[in-house]
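>>> Quick one, what's the 3D model for this:
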Amino acid sequence: MSVEPQIRSRNRLASSQSDIIPDGAIANDIEWSKSANATALPVVRLKIMVMEYCAVAISAYLGGAAYQVLVLSSPPLMKQYIVAALFIASLVWLVSVGFQHFAAIQTRPLHMLLWSGIGAVGLAFLSLLAIIFLLKITDDYSRATFSFQVISVSVAVIAVRMISYSWVRSAIASGAIEARHVVLIGDVARCAQFRDRLRASAIRVASFRAPWDNRIAAEGDGPHLANHKAQKLVEACRAIQPDDIIVLAAQDELPKTMSLALSLSQLPVGLHIIPVDSLELLAGSHIAEFGSVLTIQVHRPPLSPFDLAVKRSFDVFAATLGLIALSPLLLSVSIAIKLDTRGPVFFRQKRHGFNNQPIWVLKFRSMTTVDDSDQFTQAVKDDPRVTRVGRILRRTNIDELPQLINVLQGDMSIVGPRPHATAHNSIFQEKIAPFSRRHIVKPGITGWAQVSGFRGETDTLEKMQRRVEHDLYYIDNWSFLFDLKIILLTILSKRAYMNAC
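Numbering: from 1, shown residues only. Okay, here's the model as predicted:
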C-alpha cells in the first residue's frame, strides 16, 4: 500500500470515530495528520546509521593520516589506514546496532544518546586493541595512531548524533518525518498533562476516556466513553493505528487497568501503564531479577561499585595532592588564627555522614566559640562570633580545607552534599520527607547546592528545601564529569561564594 492511501485511511477512520475521541474531531485531525512526503522513522534511523558509519570511517582514516603527516612528516599508508578505518567503523556500527542506540532516537534524551555513542567508541577500540594483540600486529599499528583515532572518532560520533538529534526533532515538528503516534487513555486532566509532555518530544498524541470514567465530558471535549465497553475502545485504537498506547491510572483503578490491558493486548502496539499516583516513586525504577523472582526496583544505590572505585580513587588523589600543594597556605592560616584570637586552630564538629553515621568534621576555627551542643546556633550574616581572620576564611571557603584530611580518612568526598551539624539536621529531617536521603552518599567539601548559590544560613524551610533539592539532583545524576564541573565552579564561580557568613 502506498503512503498516501494509508494517510487517507487513517484520517478517514479517525473522523469516523470522532464520537469517542474526547478532544474533539478537529484537535485529533491535527494531531494525526501526516504529510504525503513524510519519511518513516525506520528509514530515518537507517540513514543516520549509514551517515555515522561513513563519518566514523572518514574520521578514523583522517586521525591516522594526521599523525603520519603532522608528527612523522611522512605520507600516510593509504591501504593500511583505509582498511583499519573501515574495520573501526564496522565495530562501532555493530556495537550501536547491537545495543539499539537509534531504536528510540525520538524519545531518548540527548545526553543518553551521546554517552551511548562514547561507550560504543570505547568498546569498539577495546575490541580493536584485543584483535591487534591476538594477531600480533602491534608493529604495524602505533599507540599514537590508536590515540589519534580514538579522539577523532569520538568527536565524529558526538557531532553526528547531535546533528541527527536536532534534525529529527525539527523534521518531525515540520512533518518531514513520520512522528510516533501515541494514544493516552485516562481522565481528561491526566491526559492533558501527559499530552503536553509528549508533544515536547515531537510525539503525536490522541486521547480517549478510560472505560471506567463515568464523569460527563466538559464542553468541547466531546462525548465520553462511559457506556462503551473495552472492546469498543480497542476498535477505536485499531482504527487510528497508534504506535503505542499509554494507560494513565490512579491507584484504585489499577485492578480495572489489568482487565483493560488484556483487551488492548490484541493490538500490535506497545502498551504502557503509568500509575500516576506513584510517578515520583517509579521515576528511577526498573524491572530486576531477584533470585527467581521479578521485582520492580524503585530505588538502588546511586553509585555502582565501579563508580565508587572511580570516585574514591579521585578523592584520594585530589586530597593528597591538595594537602601537599596547599601546605604553605595551611601553615600560614594556622599561624594567623593563633595570632588573631586565643583558642585552637582547628574546630571539630559532629555531623552526619554516609548512612547517617556520625563523623567528626575538621575546619579551621573561624569563630570565638567552638559550640557543638544540641543548642548549636548557625552562623548568620555579620555574626559577632566570627573573628577577623575567620571572616576572610569563610568568604573564601578556606576554612573548609582541613576536610581534605576527612577525605583521606574516608569519611567525606571532595564532592557531595555538604554535611550539617547533627543538631541542625534534627530540625529539618521531620519537616522535609527525603531529607536523610542526602546521606546515601558521602558528604562533600563542596556540592551542587553550594555552587548553585544555596549555601550559608538556612533560616527558613524554603531555603533548606532548595538545598535538599539540589543535593538530591546531584545524587540522582552523578557522573565523574559532574564532579569535575562542580570542582571548577567551586573555584571559579561567584555563586559558590554567595551567602557566606
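>>> mean confidence for the top helix by length along the chain?
In the chain, taking DSSP state H as the definition, the longest helix is helix 143-174. The predicted model assigns helix 143-174 a mean pLDDT of 88.
>>> Same question for that helix: list its buried residues.
145-146, 148-150, 152-154, 156-158, 160-161, 164-165, 168-169, 171-172 (16 or more other C-beta atoms under 10 Å). All C-beta spots, glycine's among them, are computed from the backbone N, C-alpha and C.
>>> Show me what it is packed up against.
helix 41-66, helix 78-98, helix 110-135 (3 or more C-beta pairs under 8 Å, 6 or more residues apart in numbering; DSSP states H and E).
>>> Next, find the distance separating residue 419 from residue 275.
Relative to residue 275, residue 419 is positioned 35 Å away (criterion: C-beta to C-beta, to the nearest Å).
>>> more neighbours, those two?
With neighbours defined as other C-beta atoms under 10 Å, residue 419 and residue 275 compare such that residue 419 has more, 27 against 16.
>>> The more buried one belongs to a strand?
No: in this structure, residue 419 is coil, not part of a strand, as judged by DSSP: H, G, I helix; E, B strand; the rest coil.
>>> just checking, it touches residue 353?
Yes: counting by C-beta atoms under 8 Å, residue 419 touches residue 353, with 6.3 Å between them.
>>> any common contacting residues for those two?
359, 412, 443 (C-beta atoms under 8 Å, 6 or more residues apart in numbering).
>>> For the first one, list each beta-bridge partner.
Think residue 359. Under the criterion DSSP bridges, residue 359 forms beta bridges with residue 351.
>>> who are the neighbours in contact with it?
350, 351, 352, 353, 406, 411, 412, 419, 443.
>>> Could you do the last one as well?
For residue 443, the contact set (C-beta under 8 Å, 6+ apart) comprises 351, 352, 353, 354, 359, 412, 413, 416, 417, 418, 419.
>>> From residue 412, how far off is the last one?
Just to be clear, that refers to residue 419. For residue 419, the distance to residue 412 - C-beta to C-beta - is 7 Å.
>>> and if you look at residue 324?
Distance, residue 324 to residue 412, using C-beta to C-beta: 18 Å.
>>> Check residue 147 too.
Taking C-beta to C-beta, one finds residue 147 at 35 Å from residue 412.
>>> rewinding a little: and the longest helix of the chain, how far out from the chain's middle?
Helix 143-174 sits 19 Å away from the centroid of its parent chain (C-alpha atoms, centre = their mean, to the nearest Å).
>>> Give me the angle between that helix and helix 110-135.
Counting by axes from the mean of the first three to the mean of the last three C-alpha atoms, to 10 degrees, helix 143-174 points 150 degrees away from the direction of helix 110-135.
>>> quick one on the thing from earlier: residue 324 and residue 412: who's more crowded?
Applying other C-beta under 10 Å to residue 324 and residue 412 shows that residue 412 carries more neighbours, namely 27 against 8.
>>> right, and that one touches residue 353 too?
Yes: judged on C-beta under 8 Å, residue 412 makes contact with residue 353 at a distance of 7.0 Å.
>>> Need the residues touching each of these two.
359, 419, 442, 443.
>>> in stretch 55-72, what counts as buried?
Of all the residues in stretch 55-72, those buried under the rule 16+ other C-beta under 10 Å are 55-57, 59-68.
>>> mean confidence for it?
Mean predicted confidence for stretch 55-72 is 84.
>>> Also stretch 188-202?
On average, stretch 188-202 scores 79.
>>> now it, how far from the centre of its chain.
Offset of stretch 188-202 from its chain centre (C-alpha atoms, centre = their mean): 21 Å.
>>> Use 24 as the first number from now on
OK, 24 is where the count begins now, so the last one is stretch 211-225.
>>> Dump the C-alpha coordinates for that stretch into CSV.
What follows is stretch 211-225, C-alpha atoms only, in CSV (Å, rounded to 0.1, in the frame of the first residue of the first chain):
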residue,chain,number,x,y,z
VAL,A,211,-9.3,14.5,30.9
ALA,A,212,-6.9,16.2,33.4
ARG,A,213,-4.3,13.4,33.3
CYS,A,214,-4.4,13.2,29.5
ALA,A,215,-3.9,16.9,29.2
GLN,A,216,-0.9,16.9,31.5
PHE,A,217,0.8,14.0,29.7
ARG,A,218,-0.1,15.2,26.3
ASP,A,219,1.9,18.4,26.8
ARG,A,220,4.9,16.3,27.9
LEU,A,221,4.8,14.0,24.9
ARG,A,222,4.3,16.9,22.5
ALA,A,223,7.5,18.4,23.8
SER,A,224,9.2,15.3,22.4
ALA,A,225,7.6,15.8,19.0
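>>> show me what contacts residue 310?
With C-beta under 8 Å, 6+ apart, residue 310 has these contacts: 317, 318, 319, 320.
>>> Quick check: chain neighbours aside, which residue is closest to residue 427?
residue 342 (4.5 Å; C-beta to C-beta, 6 or more residues apart in numbering).
>>> my read: the one you found touches residue 432, true?
No: between residue 342 and residue 432 there is no contact under C-beta under 8 Å: 9.4 Å.
>>> Neighbour count for these two, which is higher?
Neighbour tally, residue 342 and residue 432, criterion other C-beta under 10 Å: the higher count belongs to residue 342, 21 against 13.
>>> what about that one, which helix or strand?
Using DSSP states H and E, residue 342 maps to helix 328-348.
>>> Quick one: neighbours of the nearest residue to residue 119 once chain neighbours are set aside, just the number.
Closest residue to residue 119 apart from its sequence neighbours, by C-beta to C-beta, 6+ apart: residue 143 at 5.0 Å. Neighbours of residue 143 under the rule other C-beta under 10 Å: 25.
>>> Using a markdown table, lay out the shared contacts of residue 442 and residue 376 together with pLDDT and distance to residue 410.
Converted to a markdown table, the shared contacts of residue 442 and residue 376 look like this (pLDDT from 0 to 100; distance: C-beta to C-beta, whole Å):
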| residue | pLDDT | distance to residue 410 |
| --- | --- | --- |
| 382 | 91 | 25 |
| 435 | 95 | 24 |
| 466 | 94 | 25 |
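>>> Using CSV, please lay out these together with distance to residue 509.
As requested, these are arranged in CSV below (distance: C-beta to C-beta, whole Å):
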residue, distance to residue 509
382, 21
435, 14
466, 13
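>>> Looking at these, spot the one nearest residue 157.
residue 435 (44.1 Å; C-beta to C-beta).
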